[in-house]
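K.L.:
Would you be able to build a 3D model of this:
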Amino acid sequence: MRLDSTPRANRLHIGLFGKRNSGKSSLINAITNQQISLISDVAGTTTDPVYKSMEIHGIGPCVLIDTAGFDDEGSLGRLRVEQTKKALQRTDVAVVVFCDTEFSLEKEWIAELRKRKTPIVAVINKGDILTNIQQIKTAVEKEFSLSPLVVSAKQRIGVEEIISAIIRAIPEDYESDTIAGYLVKPGDVVLLVMPQDIQAPKGRLILPQVQTIRDLLDHQCLVMSVTAEQLEGALAALKKAPELIITDSQVFKTVYEHKPSESLLTSFSVLFANYKGDIREFVKGASAIDTLTQDSHVLISEACTHAPLEEDIGRVKLPKMLRNKVGQCLSIDLVSGPDFPSDLSPYDLIIHCGACMFNRKYVLSRIEQAKNQRVPITNYGVAIAKLTGILEKISY
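P.N.:
Numbering: from 1, shown residues only. Modelled structure (predicted):
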């Protein structure tokens, strides 16, 4: 990743949905003015969702999601529709493309988008060749209370209107504008404790650390970074105690024991629990740790997909901490990346990573899924603070 690039997880996700051959792919190509998606007159050209990171004037850094038609057929078609449904979970703004007046499928998908509180931009593509545009437009307005834009993507007619509509549809709170800014003020000294283990390869910092440093600099803080071994030396070198200490959650207890009483303490994972998700729900969910027994079943979910590491927090350290508290027979499953069970009922607790690789909409959809199925959900950093007995003493 270039130093000046915006991570996909921090980009506005714009999903395009509609029937096969409704013109979704040509619309994406027109919006980006690039040949992003393969287009054809043959229905079903787009199979799996295509995610394309772009910088679009007026919108800024974003991800355009080209999806398979939600009317796809056959066994493979059903699998493609399932992938399209998963794309809903990541979508901040939905562009729904209409091509006729038969709305049985559109009703289902628009109902789901509205259930997720996802803003919708309605579009009728192929304005240069459809002969019943006014009929479609009137039907959409009557059925969904949406005012569709009429465009011709292949001729790039109406593209600017779509971009303007997307801008107007962006939720005000689609992503928090700060990671740690609500805990600091200009001129504050912030000490970052960043163990450099095998999860942070030589010569690199992990993404949450990089993003947090940039956020603190944007808030005009004085930032000092050390490893856990340098903590005492760093505190001694400072003329006054830092206003805030941000640590890797894995050394929460050690840092807490050495921090000045006047310094606030939090962790990168806890900050991202607030930045990417719902910190109140995560803190509430952590209380379920006290009710776990050896017969309980815990799900650990991490956003990254990587080969197992000896010091891995999700695969090794967190399970060890849980079993040391509850008992060695505690059942723990681990999923990574997009693999998240649709049925969460077998679990007594879900522990999610900081989700630096997911956009906020996706994390909130998982939290909502857990709430709907009455399964407590928390976050790595919050869980570790709870397990070490300092959750009530940290800042979030």
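
K.L.:
since we're on Leu12, how many residues are nearby?
P.N.:
Summarising burial for Leu12: neighbours were counted as other Cβ atoms under 10 Å, giving 22. Where you see a C-beta, it was placed from the backbone N, CA and C, and this is true even at glycine.

K.L.:
Please look at it and Pro61 and confirm they touch.
P.N.:
Yes: with contact defined as Cβ atoms under 8 Å, Leu12 and Pro61 form a contacting pair (7.3 Å).

K.L.:
so what's the closest residue in space to Thr6 that isn't next to it in sequence up against?
P.N.:
Sequence neighbours aside, Pro61 is the residue nearest to Thr6 in space, at 4.0 Å (criterion: Cβ to Cβ, 6 or more residues apart in numbering). The contact partners of Pro61, taken as Cβ atoms under 8 Å, 6 or more residues apart in numbering, are Thr6, Asn10, Arg11, Leu12, Ser53, Met54, Glu55.

K.L.:
now those as a markdown table including secondary structure?
P.N.:
Conversion of the contacts of Pro61 to a markdown table gives the following (DSSP: H, G, I helix; E, B strand; the rest coil):
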| residue | secondary structure |
| --- | --- |
| Thr6 | coil |
| Asn10 | helix |
| Arg11 | coil |
| Leu12 | strand |
| Ser53 | strand |
| Met54 | strand |
| Glu55 | strand |
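
K.L.:
Compile those residues into JSON lines and extend it with columns for pLDDT and distance to Val270.
P.N.:
Formatted as JSON lines, the contacts of Pro61 follow (pLDDT from 0 to 100; distance: Cβ to Cβ, whole Å):
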{"residue": "Thr6", "pLDDT": "75", "distance to Val270": "23"}
{"residue": "Asn10", "pLDDT": "83", "distance to Val270": "18"}
{"residue": "Arg11", "pLDDT": "90", "distance to Val270": "23"}
{"residue": "Leu12", "pLDDT": "93", "distance to Val270": "25"}
{"residue": "Ser53", "pLDDT": "90", "distance to Val270": "28"}
{"residue": "Met54", "pLDDT": "88", "distance to Val270": "32"}
{"residue": "Glu55", "pLDDT": "90", "distance to Val270": "31"}
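
K.L.:
Give the PyMOL command for selecting the buried subset of these.
P.N.:
Those of these that count as buried under 16 or more other Cβ atoms under 10 Å are selected in PyMOL with:
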select buried, resi 10+11+12+54
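
K.L.:
Tell me the one among the contacts of Pro61 nearest to Asn29.
P.N.:
Distances from these to Asn29 were compared by Cβ to Cβ; the smallest belongs to Met54, at 11.4 Å.

K.L.:
Do I have it right that that closest one meets Thr32?
P.N.:
Yes: between Met54 and Thr32 there is a contact at 5.4 Å, judged by Cβ under 8 Å.

K.L.:
For the two, list the residues in contact with both.
P.N.:
Counting by Cβ under 8 Å, 6+ apart, the common neighbours of Met54 and Thr32 are Leu64.

K.L.:
Could you list everything the residue nearest to Thr6 pairs with in the sheet?
P.N.:
Residues in a beta bridge with Pro61, per DSSP bridges, are Glu55.

K.L.:
Could you measure from it over to Ala68?
P.N.:
Here the distance between Pro61 and Ala68 works out to 25 Å (Cβ to Cβ, to the nearest Å).

K.L.:
go on, Asn324?
P.N.:
Applying Cβ to Cβ, the value for Asn324 to Ala68 is 46 Å.

K.L.:
Kindly report the same for Cys221.
P.N.:
Taking Cβ to Cβ, one finds Cys221 at 46 Å from Ala68.

K.L.:
do Ile367 as well
P.N.:
From Ile367 over to Ala68 (counting by Cβ to Cβ), the distance is 27 Å.

K.L.:
More neighbours: which of these two?
P.N.:
More neighbours sit around Ala68 than around the other of Ile367 and Ala68, counting by other Cβ under 10 Å; the figures are 25 against 19.

K.L.:
nearest residue to the more buried one other than its sequence neighbours?
P.N.:
Arg80 (3.9 Å).

K.L.:
cool, and Asp215?
P.N.:
With Cβ to Cβ, 6+ apart as the criterion, Asp215 has its nearest non-adjacent residue at 4.2 Å, and that residue is Ile179.

K.L.:
So the one you found belongs to a strand, correct?
P.N.:
No: assessed by three-state DSSP, Ile179 does not belong to a strand; its assignment is coil.

K.L.:
okay but it is in contact with Gln211, surely?
P.N.:
Yes: the pair Ile179 and Gln211 passes the contact test of Cβ under 8 Å, sitting 6.1 Å apart.

K.L.:
re earlier: list just the nearest of the contacts of Pro61 to Ile246.
P.N.:
Using Cβ to Cβ, Asn10 comes nearest to Ile246 of those, at 18.6 Å.
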